[in-house]
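[1] Prediction below, plus the sequence it came from.
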Amino acid sequence: MPARGFPLAAIAFLVVIGTAAQAFATVNGSDLSRSSGELWYFTFSYAVAWWVELDRRARSIPAPFEYSAFMLFIWPVLAPYYLFRSRRWPGFGLGLGLIALATVPDLAAIAVYYLWGDE
């Protein structure tokens, strides 16, 4: 697997784990702790920033030294912009797809609640 594939695998793994955890907690009538949610979001953000950094270097796109830190903290804004800049409209769609992936665990919890929740 190329080096750029590792962050994408991490993103996919985090979405699967986050979805399973949210669904399990919802089925059992509870919520994830705030710390667990923050840890999940931080690791997801890190995986996105890691992937963008590897992609940026592979495409030889210059960026300031702090770019990775900015990407880590505000990736929902910067990732679609970066992907649009590097790939045009298909990249912008990919950036919106990353944002949609970040919402999958919460959407799964909502679906589980309405399908199997207490009535």
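    Nice, I can see it.
[2] Assign a three-state SS to Ser30, would you?
    Put simply, Ser30 is coil when judged by DSSP: H, G, I helix; E, B strand; the rest coil.
[3] Assign a three-state SS to Ser60, would you?
    Classification of Ser60 using three-state DSSP returns coil.
[4] Report how many residues lie close to it.
    Look at Ser60: counted by other CB atoms under 10 Å, it has 6 neighbours. Where you see a C-beta, it was placed from the backbone N, CA and C, and this is true even at glycine.
[5] how near is it to Ser86?
    Distance, Ser60 to Ser86, by CB to CB, to the nearest Å: 11 Å.
[6] got the buried residues for the lengthiest helix in the chain?
    Assignment by DSSP state H gives helix 89-116 as the longest helix of the chain. Across helix 89-116, burial judged by 16 or more other CB atoms under 10 Å covers Gly91, Phe92, Gly95, Leu98, Leu101, Ala102, Pro105, Ala108, Ala109, Val112.
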